[in-house]
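>>> A predicted structure for the sequence below; I have some questions about it.
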Amino acid sequence: MSATESPRRVSRRKFLGAAAGSAAWIATGGLTGLAAGTALAAKPTAGTRNSLYIPPTVTPTNFGLTAKPGSIDLGGGRLSKAWVYNGGLPGPTLLVRRGDTATIRLTNGLASEPTITHWHGMLVDHKNDGHPMEAIQPGAWYDYNFPILNRAALNWYHPHPHMLTGEQVAMSLAGAFIVRDSVEDALNLPGGVYEVPLVLRDTAFDSAGNIAYKPRSGGFEGPTPLVNGTLNPKLDVDTAIYRFRVLGGSNARIFRLALGSGAKFKVIGNDGGLLAATVEAAQIDLAPGERLDLLVDFRGLPVGTKVMLRDLLAGWDLLEFNVIRQVTTTFTMPTTLSTIAALTNPVTTRSFSFDGMSKINGLEYDMNRIDFRVPFDTVERWRFTTNGNAPHPVHIHGASFQVQTRTGGRNTVFPWERGWKDTVLLNDRETVEVLVRFDAYKGVYLMHCHKLEHEDMGMMSNFEVY
Ligand code: C2O
Ligand code: CU
């Protein structure tokens, strides 16, 4: 299928140093400390906001996707080196319909590291899943070919090579992958310029002002937010309802999203697509890997109004909306969105403890070990617990799941966590139970913490659907 060699094994030493409790920031070649990034984190001020970058949308048919170093304009001519897909940060937005077939050739244009691309949320077989054992060397390519089985949703793509995912995502390899279907079509949701992907992340810069990665066992958090790769972004809006397709694209940072106006988001979907019905929320926590489908209503606001999308945890102004034009819209907010068939009657309960910063049920990841086997097309209850070092955003490949309960800690399942999810946030003292059924393919899949430094250190399991 491709010019595949066994991926270069990368030393665990850089992480073990951190896990053993030495300095939190482990230097890698040429990087300076956190302070350099902080100094470059320009405080948003009026008049210096940059227009939000919107990646081009492409149909992934006979599509070439190349991961390689590039120079990116973060806004207003502020250039940064980064590692990017097809020269963009984020990479192009892939757009498909349920029933289509995606044919994509990934080329590894990185200087010296293996890579492989995972289509987070997409229901694909093992060979198309970007499993780390499929990683390819620089100069090699990998051909993907898979039918689109998913319901309409915002999914995404990012690298998944063994122990290098955190670095490659932080260096900016990521993009949105949008699926459409007839259920979504029937709702006539805001589209065109009224549907906007928002890839949220944080970043750090080295002393030269280039995007830099500093692995940290507790999870990499950078001092500066980027929305679609734009520093201090703004978006000019009409007096209309907008549909924002929001992705938690950080390595480790959780965002608490809110509108500066105090207005509520109308949440219509999450990781696995549309909810059953719209729910409203003034604040929503978004963990790495999670997605939200949010409607924001700018109708009735006078031209000149500014509304800020904020992160209440870091106290960041993420994106400024400027109302610039009065329009008349006929869109009516749907209340019923989709039908979610509830998974019921699990035949097995499995418990997984996310331990320390590198283990699940006491085991660090071994690419060549299958940790458990799961029967095909069978509903199971999976229970996630942790003995500390959370938050752990738990992600499963190969199927979406339904969150049943969260006990301890926040002690609730939020309404926007209903429906279909593939990533769920597990905090300290919490137990989260989900029901899952692998009914797309048999084969070897992954479960892991989506705090990418935990994943890279080994908080990941192979399981086989049989
Ligand atoms: Cu988004 Cu296994 O990852
Ligand atoms: Cu974790």
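Noted; the coordinates are in hand. Ligands and ions are numbered 1, 2, ... in the order given.
>>> Let me see the ranges of the strands in the stretch 251-400 of the chain.
In the stretch 251-400 of the chain, the strands defined using DSSP state E, counting those that start in this stretch lie at 255-259, 265-270, 273-281, 284-286, 291-297, 306-311, 316-325, 348-355, 359-360, 372-374, 379-386, 392-396.
>>> got it, and the stretch 51-200 of the chain?
Using DSSP E, counting those that start in this stretch, strands in the stretch 51-200 of the chain cover 57-58, 63-73, 79-85, 93-97, 101-108, 117-120, 141-147, 153-159, 175-180, 195-205.
>>> so how far is the first one from its chain's centroid?
Its chain's C-alpha centre and that of strand 57-58 lie 18 Å apart, by C-alpha atoms, centre = their mean, to the nearest Å.
>>> hang on, the earlier thing: got the strands of the stretch 251-400 of the chain as JSON lines, with mean pLDDT and distance to Val237 columns?
Glycine gets a C-beta too; all of them are placed from N, C-alpha and C. Shown next, in JSON lines, are the strands of the stretch 251-400 of the chain (pLDDT from 0 to 100; distance: least, C-beta to C-beta, whole Å):
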{"stretch": "strand 255-259", "mean pLDDT": "98", "distance to Val237": "12"}
{"stretch": "strand 265-270", "mean pLDDT": "98", "distance to Val237": "15"}
{"stretch": "strand 273-281", "mean pLDDT": "98", "distance to Val237": "20"}
{"stretch": "strand 284-286", "mean pLDDT": "98", "distance to Val237": "20"}
{"stretch": "strand 291-297", "mean pLDDT": "98", "distance to Val237": "9"}
{"stretch": "strand 306-311", "mean pLDDT": "98", "distance to Val237": "8"}
{"stretch": "strand 316-325", "mean pLDDT": "98", "distance to Val237": "5"}
{"stretch": "strand 348-355", "mean pLDDT": "97", "distance to Val237": "40"}
{"stretch": "strand 359-360", "mean pLDDT": "98", "distance to Val237": "43"}
{"stretch": "strand 372-374", "mean pLDDT": "98", "distance to Val237": "45"}
{"stretch": "strand 379-386", "mean pLDDT": "98", "distance to Val237": "39"}
{"stretch": "strand 392-396", "mean pLDDT": "98", "distance to Val237": "30"}
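>>> Looking at those, spot the one closest to ligand 2.
Evaluated with C-beta to the ion, those place strand 392-396 nearest to ligand 2, the distance being 3.4 Å.
>>> shouldn't Thr339 be in contact with Leu275?
No: when contacts are counted by C-beta atoms under 8 Å, Thr339 is not listed as touching Leu275 (10.8 Å).
>>> These two: who's more crowded?
Neighbours per residue (other C-beta atoms under 10 Å) separate Thr339 from Leu275, with Leu275 holding more: 22 against 8.
>>> Distance-wise, check the closest residue to that one other than its chain neighbours relative to Asn86.
What sits nearest to Leu275 in space, not counting adjacent residues and going by C-beta to C-beta, 6 or more residues apart in numbering, is Gly419, at 4.6 Å. Distance, Gly419 to Asn86, using C-beta to C-beta, to the nearest Å: 31 Å.
>>> of the two, who's got more company?
Using other C-beta under 10 Å, the more surrounded residue of Gly419 and Asn86 is Gly419, with 24 against 19.
>>> Would you confirm that that one belongs to a helix?
No: Gly419: not assigned to a helix; according to DSSP: H, G, I helix; E, B strand; the rest coil it is coil.
>>> Isn't it up against Ala342?
No: using C-beta under 8 Å, Gly419 is not in contact with Ala342; the gap is 10.2 Å.
>>> Common neighbours of these two, please.
Taking C-beta atoms under 8 Å, 6 or more residues apart in numbering as the contact rule, Gly419 and Ala342 both touch Gln402.
>>> if we can go back for a sec, single out the most deeply packed of the strands of the stretch 51-200 of the chain.
Most buried of those, by mean neighbour count (mean count of other C-beta atoms under 10 Å): strand 153-159, with a mean of 26.
>>> Give me the distance from it to the chain's centre.
6 Å.
>>> Could you do stretch 223-240 as well?
18 Å.
>>> tell me which residues in that stretch are buried?
Neighbour counts over stretch 223-240 (16 or more other C-beta atoms under 10 Å) mark 223-235, 237-240 as buried.
>>> Next: stretch 314-324.
Those buried within stretch 314-324 under the rule 16+ other C-beta under 10 Å are 314, 316-323.
>>> Just name the closest of those residues to ligand 1, please.
When the buried residues of stretch 314-324 are compared for distance to ligand 1 (C-beta to the nearest ligand atom), Leu318 wins out at 21.1 Å.
>>> Chain neighbours aside, what residue packs nearest to that closest one?
Setting aside the residues directly before and after it, Leu318 is nearest to Leu309 in space (C-beta to C-beta, 6+ apart), at 4.7 Å.
>>> Who does the one you found form a beta bridge with?
Counting by DSSP bridges, Leu309 is bridged to Leu259, Leu319.
>>> Kindly report the same for Asn462.
Applying DSSP bridges to Asn462 gives these bridge partners: Leu446.
>>> Isn't it up against Ile370?
Yes: applying C-beta under 8 Å, one finds Asn462 in contact with Ile370, separated by 5.1 Å.
>>> Ligand 1 contacts on the chain?
Applying C-beta under 6 Å from any ligand atom, one finds that the chain approaches ligand 1 through 118, 120, 158, 160, 289, 395, 397, 446, 448, 450.
>>> Give me the pLDDT value at the first one.
Okay, so that is His118. On pLDDT, His118 comes in at 98.
>>> Identify the residues contacting it.
Neighbouring residues of His118 by C-beta under 8 Å, 6+ apart: 129-131, 157-160, 397.
>>> at 10 Å instead, please
Contacts for His118 (C-beta atoms under 10 Å, 6 or more residues apart in numbering) come out as 124, 128-132, 134, 156-161, 165, 397, 446.
>>> If you drop the residues flanking it in sequence, what lies closest to Leu198?
Leu198 sits nearest to Val246 (C-beta to C-beta, 6+ apart), 4.7 Å away.
>>> quick one: that neighbour is in a helix?
No: counting by three-state DSSP, Val246 is not found in a helix; it is strand.
>>> What residues are bridge-paired with it?
Beta-bridge partners for Val246, by DSSP bridges, are Leu198, Leu292.
>>> Can you tell me how far it is from ligand 2?
21 Å (C-beta to the ion, to the nearest Å).
>>> was I right about that residue contacting Leu154?
Yes: with contact defined as C-beta atoms under 10 Å, Val246 counts as touching Leu154 (7.8 Å).
>>> Which neighbours do these two have in common?
Common neighbours of Val246 and Leu154 (C-beta under 10 Å, 6+ apart) are 176, 197-199, 269-270, 291-293.
>>> With distance to ligand 2 as new columns, can those residues be given to me in JSON lines?
Output for these, formatted as JSON lines (distance: C-beta to the ion, whole Å):
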{"residue": "Ala176", "distance to ligand 2": "24"}
{"residue": "Pro197", "distance to ligand 2": "26"}
{"residue": "Leu198", "distance to ligand 2": "24"}
{"residue": "Val199", "distance to ligand 2": "21"}
{"residue": "Gly269", "distance to ligand 2": "25"}
{"residue": "Asn270", "distance to ligand 2": "20"}
{"residue": "Arg291", "distance to ligand 2": "19"}
{"residue": "Leu292", "distance to ligand 2": "21"}
{"residue": "Asp293", "distance to ligand 2": "25"}
